[in-house]
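1. quick one: sequence plus predicted model below, questions after.
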Protein chains: 2
Amino acid sequence: MDACKRRGLRKDAEINRERIVAAARVAFREGGLDVPLEEIARRAEVNIATLYRRFPDREALIEAILADRMAEFVEAAEAAERVDDPWEAFAGLVEHICGMQAADQGVTEGFTSCFPGEALEAPRARALAAVDRVIERARHAGALRADFTGQDLMLIMMANAGVLGSTRCAAPEAWRRLIGLILDACRAGRADRIAPPLPPAPSAEDMRNAMLTARLHR
Amino acid sequence: MDACKRRGLRKDAEINRERIVAAARVAFREGGLDVPLEEIARRAEVNIATLYRRFPDREALIEAILADRMAEFVEAAEAAERVDDPWEAFAGLVEHICGMQAADQGVTEGFTSCFPGEALEAPRARALAAVDRVIERARHAGALRADFTGQDLMLIMMANAGVLGSTRCAAPEAWRRLIGLILDACRAGRADRIAPPLPPAPSAEDMRNAMLTARLHR
DNA sequence: AAATAAGTGAAGGATGCCCTTCGCTTGGAG
DNA sequence: CTCCAAGCGAAGGGCATCCTTCACTTATTT
């Protein structure tokens, strides 16, 4: 009764809600986070007003859809912690994350342009913490280059997003080549030319703000 | 008289044209290729109709602006051919190209989303030919990993575009870190894990078509 | 200096998307 | 069975951007 938030939904409304969520999942996956909401309503065979009643704005809908993708992110990161070989843990995690981006355009945009919505903050922080532990372990094991940081992983995700944006249709496997190259670069002892570290290493906070403003500017 | 295409321009019209071009150069650099044409007209202190009279559509304007960026691309690639050390030639060229992307958002979008406009086809082909020669030389000198191809350079540009899209404001030097990493990966003999080559290597034609359609879809 | 070809700007459809309103319909409790 | 709160769809207001039209102005030519 008092329990969950929306369990006061009438049965038909609940059905419609599921139709919307399902349609949005597909639409965001295939068309990115900017697809017209009206298209989502059409795919759900539901009136646009119904969509707006259930989700006050686009952000709310995105949040609902991205929630379980984010959960997968958390799970993948924590699973990587349990992989024995530190390098395999790291490399496998990178591949998993980038694979998620490749499989879902909404993930690509949502994870790199900004991490929208407060509801996703907690799982996101949890995932990043696990990721950091995986990175630290690989570094200390001497498998991962010593100057690698969590910021670099963000960089990799952004780079992957760029490749996917241009090749998703024509060469949907091209991203594998990119992260193959990058993983080569990440192995410890491989570098005799040192890639410059990010200069004064902008804080995660700065990054986040910049991402938000960047998104608004468009 | 019959000679050049637009040398029939009246003097005031020529002046206005220059104002438009100058404004567009700045606007595309700072805001990307999607800036409203009305904003360009405003910056040029010219009526929107004047802009449309001179450039029938956005593509025509983009073509005019990107022409000299493309010329710089050609020049950089051919200059790299004259650099003695094959690796320095290659690495310097990659840095130059990515630096152009970093300096100009219009270049970032124009060079990776698609290469718009027939007028740019010729210089583009010329640049890519020179790039290929630089790559071949570095490979044969044993400096560049044996499996590196011209496609990989495209991949690098796309990856760089992705990083720039998310960091241009907050961390405008972040891209250097990415290409530092990637260049590490490109040195010959560095790879004991082989990055998978692009599978059946989609033809340049396929790539191009996909880029065009991708652009249309947005 | 007048004629005329060319250029200019203000205004105005057309489209596509966001989001809201309002009268009708319907599920489900009494 | 009846009732009504909740849900629904059709229609529409608002805004941004693209691109065009047309009456007026200005540069050049004779």
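-> It's in.
2. all helices for chain A, in order.
-> Counting by DSSP state H, chain A has helices at residues A:11-31, A:37-44, A:48-54, A:58-81, A:86-103, A:105-112, A:121-140, A:150-167, A:174-186, A:204-217.
3. now do the same contact list for the residue of chain A found nearest chain B.
-> Going by Cβ to the nearest Cβ, chain B is nearest to A:Gly162 of chain A, at 2.0 Å. Every residue, glycine included, has its C-beta placed from N, CA and C. A:Gly162 sits next to B:112, B:158-165 when contact means Cβ atoms under 8 Å, 6 or more residues apart in numbering or on different chains.
4. just A:Val134 next, same as before
-> A:Val134 makes contact with A:77, A:80-81, A:86, A:89-90, A:93, according to Cβ under 8 Å, 6+ apart.
5. same question, A:Glu95
-> By Cβ under 8 Å, 6+ apart, the residues touching A:Glu95 are A:Ile179.
6. could you measure from the residue positioned nearest the centre of chain A over to A:Ala161?
-> In chain A, the centroid-proximal residue (Cα atoms, centre = their mean) is A:Phe111; its distance is 3.3 Å. Separation of A:Phe111 from A:Ala161 (Cβ to Cβ, to the nearest Å): 8 Å.
7. anything in contact with each of these two?
-> By Cβ under 8 Å, 6+ apart, the residues touching both A:Phe111 and A:Ala161 are A:Gln101.
8. neighbours around A:Ile97, how many?
-> 24 (other Cβ atoms under 10 Å in any protein chain shown).
9. got a pLDDT number for it?
-> At A:Ile97, the model reports a pLDDT of 98.
10. if we look at DNA strand C, which of the contacts of A:Val134 are close to it?
-> The subset of the contacts of A:Val134 within reach of DNA strand C, by Cβ under 7 Å from any atom of the strand, is empty.
11. among those, who's most crowded?
-> The most crowded member of those is A:Phe90, carrying 27 neighbours; neighbours defined as other Cβ under 10 Å.
12. state the distance from that residue to A:Thr167.
-> Applying Cβ to Cβ to A:Phe90 and A:Thr167 gives a distance of 25 Å.
13. how about the residues of chain A that lie near DNA strand D?
-> Near DNA strand D, when you scan chain A using Cβ under 7 Å from any atom of the strand, you find A:8-10, A:12-13, A:16, A:46-50, A:53-54.
14. derive a PyMOL selection command for the buried subset of the residues you listed.
-> Remark: buried members of those, expressed as a PyMOL selection using 16 or more other Cβ atoms under 10 Å in any protein chain shown:
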select buried, chain A and resi 16+46+50+54
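15. widest-spaced pair of the residues of chain A next to DNA strand D?
-> Greatest spacing in these, by Cβ to Cβ: A:Gly8 and A:Ile48 (22.9 Å).
16. in chain A, where is pLDDT below threshold?
-> Applying pLDDT under 70 to chain A picks out residues A:1-8, A:113-116, A:189-218.
17. give me the residue from it nearest DNA strand C.
-> DNA strand C sits closest to A:Lys11 of chain A, with a gap of 3.1 Å, by Cβ to the nearest atom of the strand.
18. what is the burial count for that residue?
-> 7.
19. again, but for A:Asp68
-> Look at A:Asp68: counted by other Cβ under 10 Å, it has 11 neighbours.
20. again with A:Glu38
-> Here the count is done by other Cβ under 10 Å, and A:Glu38 has 11 residues near it.
21. got the contact list for it?
-> Going by Cβ under 8 Å, 6+ apart, A:Glu38 touches A:Ile48.
22. please tell me how far it sits from B:Ala171.
-> Taking Cβ to Cβ as the measure, A:Glu38 falls 36 Å from B:Ala171.
23. and if you look at A:Ala185?
-> Counting by Cβ to Cβ, the gap from A:Ala185 to B:Ala171 is 19 Å.
24. and the nearest residue to A:Leu93 once chain neighbours are set aside, what does it touch?
-> Leaving out its chain neighbours, the residue that sits closest to A:Leu93 by Cβ to Cβ, 6 or more residues apart in numbering or on different chains is A:Ala80, at 4.0 Å. Neighbour list for A:Ala80: A:89-90, A:92-93, A:96, A:130-131, A:134 [criterion: Cβ under 8 Å, 6+ apart].
25. try 6 Å
-> A:89, A:93, A:134 (Cβ atoms under 6 Å, 6 or more residues apart in numbering or on different chains).
26. how about the nearest residue to the first one, chain neighbours excluded?
-> Going back to what we said before, that points to A:Ala89. Per Cβ to Cβ, 6+ apart, closest to A:Ala89 is A:Val83, 3.8 Å.
27. count of neighbours near the nearest residue to A:Phe28 once chain neighbours are set aside?
-> Nearest non-adjacent residue to A:Phe28, counting by Cβ to Cβ, 6+ apart: A:Gly106, 3.2 Å away. Using other Cβ under 10 Å, A:Gly106 is surrounded by 24 other residues.
28. dihedrals phi and psi, the residue nearest to A:Ala89?
-> Here is the backbone geometry of A:Val83 (degrees, to the nearest 10): phi -80, psi 140.
29. surely it touches A:Ala91?
-> No. Look at A:Val83 against A:Ala91 with Cβ atoms under 6 Å: they stay out of range, at 9.7 Å.
30. which of those two has more residues huddled nearby?
-> More crowded of A:Val83 and A:Ala91, by other Cβ under 10 Å: A:Ala91, with 22 against 16.
31. what residues does that one make contact with?
-> A:Leu183.
32. what's the separation between it and A:Ala129?
-> 19 Å.
33. tell me how far the closest residue in space to A:Ala174 that isn't next to it in sequence lies from A:Thr108.
-> Excluding the flanking residues, the one nearest A:Ala174 by Cβ to Cβ, 6+ apart is A:Thr167, at 4.2 Å. According to Cβ to Cβ, A:Thr167 stands 12 Å off from A:Thr108.
34. ok, A:Asp152 next?
-> Remark: distance between A:Asp152 and A:Thr108 (Cβ to Cβ) = 18 Å.
35. and those two? which has more neighbours close in?
-> Shown here are A:Asp152 and A:Thr108; by other Cβ under 10 Å, A:Thr108 has more neighbours (28 against 23).
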